[in-house]
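# fold the following, please.
(chains A, B, C and D)
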2 protein chains.
Amino acid sequence: MVKIKEIPQSTEEKILEAAKKVFVIHGMEGTSMQQIADEAKINKSLLHYYFRSKEKLFAYVLKYAFKFVIPQFKVILESDEDVYTKIEKLVNRYMDLLMQNKFIPAFILHEINRNPDGIVEVMRGAGVDPQMFIDQFNKEIQKGAIRPIDPNHLIVNILSLCIFPVVARPLAQRLFFNNNEQAYHQFLEERKKTVPDFIIHSIKA
Amino acid sequence: MVKIKEIPQSTEEKILEAAKKVFVIHGMEGTSMQQIADEAKINKSLLHYYFRSKEKLFAYVLKYAFKFVIPQFKVILESDEDVYTKIEKLVNRYMDLLMQNKFIPAFILHEINRNPDGIVEVMRGAGVDPQMFIDQFNKEIQKGAIRPIDPNHLIVNILSLCIFPVVARPLAQRLFFNNNEQAYHQFLEERKKTVPDFIIHSIKA
DNA sequence: GTCTATATCGGGATAGAC
DNA sequence: GTCTATCCCGATATAGAC
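Next comes the predicted model:
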């Protein structure tokens, strides 16, 4: 209904942009309607005029985040390249997305724990289907291309290696890199190579 | 000052137990003093009598969580076993801790993003020193026991593989295991073997 | 559609009796 | 130390003028 990226922005678009920005940093309970209104440079009442409640606005923002991301992975997974290349591309694409949207992963993770059924619903609505991944890897195992690993473990491993370093960034950056922003960025960039390496070393037959 | 595990509990102990429980589930902004009071079966005023403010109470709970965990890893790291055994033991111990305290990792992760400097301060206070880990792995690389991998990447990989599956549990359990509690528990138990396997396959020279 | 003003509620925190 | 009552503020939400 609304294409957030358009400019010049309508009020509704401004609200959604602002809400995304603020929610994603402070979480659901952590942000006030006032903050969103300020960020969007309008007043509180308008928020309620466009979206009836905070919950509704929040749900909308959440939904948008997924609709944007999911299709990108389907493309890679449904291509006809070999597993190694796919893993490399998936990790690269995913890391890019995570880095470009710093705050989203932490936000989603918090939401996963606060209201898991809500997230699952949104994800299902966005077309997330883990079976798709599982079938992929099983095929490769049968071909003997990779050693027999439970696909569930493999998938969770890949996700872990991509997501966690971004989510834990504020801490890791301080502990390992003297809080040097650029050094950690460099570190994450390196991971686009080291993570597929790490995984491939582990699974090749 | 207060040993939380003692029984019969003093009021102060009851408060700390209750606060830990509620904070850890709902986060800092997500929980009200009323909730904590209810959980501890006392009234709000007493919370302020014992701990001057919500912030103070929260800081106290946070500190406690770390003081409890850190020493356990030092013991393993400072032993004189070989790397592979150490990794296996670290992963096992860590997974156990994470599983026994389901809500803590998500809580910490949220806090890392909400107020990173606070967490870092608490961790430093509890004696967390990443250099200890780094030195360990560098020694092994020089000995030729493992292939030359940047220790930062390796450490982050190990942490990722342990923590993420627990933090993302509410989602993963639903998506991959039909929300079957026991099946996911089984999955996490398996990871005590598959994760060290995965890592060791990746790093052995 | 956009604004101001206001209603209503819940939160943290304090005062003061016991 | 523990309770009740209350203060004060900020938050969501609504009413109604323009």
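# how about stretch A:123-137, does it reach chain B?
Yes: residues of stretch A:123-137 contacting chain B under Cβ under 8 Å from any Cβ of the partner chain: A:123, A:128, A:130. C-beta coordinates here come from the backbone N, C-alpha and C atoms, glycine included.
# which one of the residues you listed has the most neighbours?
A:M123 (21 neighbours; other Cβ atoms under 10 Å in any protein chain shown).
# now that one: how far from A:I76?
For A:M123, the distance to A:I76 (Cβ to Cβ, to the nearest Å) stands at 18 Å.
# now swap in A:R93 and tell me
In this view, A:R93 and A:I76 are 6 Å apart by Cβ to Cβ.
# nearest to DNA strand D among the residues of stretch A:123-137 next to chain B?
A:M123 (24.2 Å; Cβ to the nearest atom of the strand).
# tell me the contacts of the closest one?
A:66, A:70, B:171, B:175 (Cβ atoms under 8 Å, 6 or more residues apart in numbering or on different chains).
# which of those residues are buried?
The neighbour count (16 or more other Cβ atoms under 10 Å in any protein chain shown) marks A:66, B:171, B:175 as buried among these.
# looking at the residues you listed, which is nearest A:E17?
For the buried ones among the contacts of A:M123, the residue nearest A:E17 by Cβ to Cβ is A:F66; the value is 17.0 Å.
# surely the closest one touches A:V122?
Yes: at 5.6 Å, A:F66 counts as touching A:V122 under the criterion of Cβ atoms under 8 Å.
# low-confidence regions, chain A specifically.
Applying pLDDT under 70 to chain A flags the ranges A:1-8.
# show me where it has helices.
Secondary structure of chain A (DSSP state H): helices located at A:11-30, A:33-40, A:44-50, A:54-77, A:83-100, A:104-114, A:116-125, A:130-143, A:151-167, A:169-177, A:181-203.
# can I get the ones you listed in CSV with distance to B:F23?
Formatted as CSV, the helices of chain A follow (distance: least, Cβ to Cβ, whole Å):
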stretch, distance to B:F23
helix A:11-30, 13
helix A:33-40, 23
helix A:44-50, 29
helix A:54-77, 22
helix A:83-100, 27
helix A:104-114, 13
helix A:116-125, 19
helix A:130-143, 32
helix A:151-167, 19
helix A:169-177, 18
helix A:181-203, 28
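# looking at the ones you listed, which is nearest to B:N101?
Across those, B:N101 has its closest neighbour in helix A:104-114 (13.4 Å, Cβ to Cβ).
# just the C-alpha atoms of that closest one, please, in PDB.
What follows is helix A:104-114, C-alpha atoms only, in PDB (Å, rounded to 0.1, in the frame of the first residue of the first chain):
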ATOM      1  CA  ILE A 104      17.200  -4.800  12.900                       C
ATOM      2  CA  PRO A 105      18.700  -8.200  14.000                       C
ATOM      3  CA  ALA A 106      18.800  -7.200  17.700                       C
ATOM      4  CA  PHE A 107      15.300  -5.800  17.300                       C
ATOM      5  CA  ILE A 108      14.000  -9.000  15.800                       C
ATOM      6  CA  LEU A 109      15.800 -11.200  18.300                       C
ATOM      7  CA  HIS A 110      14.200  -9.200  21.200                       C
ATOM      8  CA  GLU A 111      10.900  -9.500  19.600                       C
ATOM      9  CA  ILE A 112      11.400 -13.300  19.100                       C
ATOM     10  CA  ASN A 113      11.600 -13.600  22.900                       C
ATOM     11  CA  ARG A 114       8.900 -11.000  23.700                       C
END
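# quick one: contacts for the residue positioned nearest the centre of chain A?
The C-alpha lying nearest the average C-alpha coordinate of chain A belongs to A:P105 (Cα atoms, centre = their mean; 5.0 Å). Contacts for A:P105 (Cβ under 8 Å, 6+ apart) come out as A:98, A:163, A:166-167.
# in PyMOL, select just the buried ones from those.
Restricted to buried positions by 16+ other Cβ under 10 Å, the PyMOL selection for the contacts of A:P105 reads:
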select buried, chain A and resi 98+163+166+167
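# go through the contacts of A:P105 and name the one nearest DNA strand C.
A:V167 (25.5 Å).
# so what's that closest one up against?
A:V167 makes contact with A:105-106, A:109, B:109, B:112-113 under the criterion Cβ under 8 Å, 6+ apart.
# what about A:L159, how many neighbours?
Neighbour count of A:L159, defined by other Cβ under 10 Å: 18.
# show me what contacts A:F177?
A:F177 makes contact with A:183-184, A:187 under the criterion Cβ under 8 Å, 6+ apart.
# likewise for A:F164?
With contacts defined as Cβ under 8 Å, 6+ apart, A:F164 is in contact with B:156, B:159-160, B:163-164.
# and which of the residues you listed is nearest A:I200?
Closest to A:I200, out of all of those and judged by Cβ to Cβ, is B:S160, at 16.5 Å.
# the residue nearest to the closest one when sequence neighbours are not counted and DNA strand D: what is the separation?
Spatially, and ignoring its direct neighbours in sequence, B:S160 is nearest to A:F164 (3.6 Å; Cβ to Cβ, 6 or more residues apart in numbering or on different chains). Separation of A:F164 from DNA strand D (Cβ to the nearest atom of the strand, to the nearest Å): 30 Å.
# coming back round to it: return only those of the contacts of A:F177 found close to chain B.
Counting by Cβ under 8 Å from any Cβ, A:F187 from the contacts of A:F177 sit close to chain B.
# what residues does chain A put near DNA strand D?
Chain A comes close to DNA strand D at residues A:31-34, A:44-45, A:48, A:52-55, as judged by Cβ under 7 Å from any atom of the strand.
# can you turn the buried part of those residues into a ChimeraX selection?
Command for ChimeraX that selects the buried part of the residues of chain A next to DNA strand D, burial taken from 16+ other Cβ under 10 Å:
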select /A:31,33,54
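# would you turn the residues of chain A next to DNA strand D into JSON lines with distance to B:E81?
Listed next are the residues of chain A next to DNA strand D as JSON lines, based on distance: Cβ to Cβ, whole Å:
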{"residue": "A:T31", "distance to B:E81": "48"}
{"residue": "A:S32", "distance to B:E81": "52"}
{"residue": "A:M33", "distance to B:E81": "55"}
{"residue": "A:Q34", "distance to B:E81": "56"}
{"residue": "A:K44", "distance to B:E81": "60"}
{"residue": "A:S45", "distance to B:E81": "65"}
{"residue": "A:H48", "distance to B:E81": "61"}
{"residue": "A:R52", "distance to B:E81": "60"}
{"residue": "A:S53", "distance to B:E81": "57"}
{"residue": "A:K54", "distance to B:E81": "53"}
{"residue": "A:E55", "distance to B:E81": "52"}
